[in-house]
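Q: compute the structure for the input listed below.
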Amino acid sequence: MELGSPKKTKSSKAVPYINVTPLIDVLLVMLIIFMVITPLKPSRFQADIPTQRDPNEDLSQLKPNPLTLVVSISNDLQLKLNQDSIGSVNDTAPLSQKLLQLFQQRKETRAYKPGMETRTDVPESERIEKTVFVKAPRSVKYGDVVKVIDAIKGAGANPVGLQVDDLPN
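A: Prediction:
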């Protein structure tokens, strides 16, 4: 080794070091934001729960709305539309045809939903009363009720309500 020559030492390389503290701070802030926003999101399905009636109210004088449509499913899977037999769960085509015919008649006679009579800002097809209720005993299979709901929605009904009480014997 020569006296004047520089010594060979390990060259000083920069050691890669990532400071993750700011990243963790950002992550915590985002977590807090999502925790606050999540409960504020609107739910996809809206459930309208009726208010409880006064037990002393006289229901004998109460008349049903003439525009109310109720599809009843019996234990033997027969369908009734407002007390008129209309086929069975396995053949929902007659029900769909009858509902289409009723909705067309309502469009021609301008049978609007309550409160929609004067709303000209809403298209007429949405103003027509197309509410249908499905009434089935608890013993009917879920899949059979879904078939009926699909047929009702296919006919253009909106909204479709469900009655969960059992049918009288």
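
Q: gap between stretch 61-79 and the chain center?
A: Distance, stretch centre to chain centre, for stretch 61-79: 22 Å (CA atoms, centre = their mean, to the nearest Å).

Q: residues in contact with it?
A: 80-82, 85-90, 92, 95, 99, 102, 106, 111, 129, 131-137, 139-140, 144-145, 148, 152, 157, 163, 167 (CB atoms under 8 Å, 6 or more residues apart in numbering). For the C-beta atoms, the positions are set from N, CA and C on the backbone; glycine is no exception.

Q: now do the buried residues in the lowest-mean-pLDDT helix or strand in the chain.
A: When each helix and strand of the chain is scored by mean pLDDT, DSSP states H and E, helix 124-127 comes last, with a mean of 82. Under the neighbour-count criterion of 16 or more other CB atoms under 10 Å, helix 124-127 has Arg127 buried.

Q: so for whichever helix or strand comes after it, mean pLDDT?
A: For helix 124-127, the following helix or strand on the C-terminal side (DSSP states H and E) is strand 132-135. The pLDDT scores in strand 132-135 average 92.

Q: in its sheet, what does strand 132-135 sit against?
A: strand 69-73 (parallel), strand 160-163 (parallel) (DSSP bridges).

Q: to Thr118, which of those lies closest?
A: strand 69-73 (23.4 Å; CB to CB).

Q: buried stuff in that closest one?
A: Leu69, Val71, Ser72, Ile73.

Q: try stretch 56-71
A: Leu69, Val71.

Q: same deal with stretch 99-118?
A: Leu99, Leu102, Phe103, Ala111, Tyr112.
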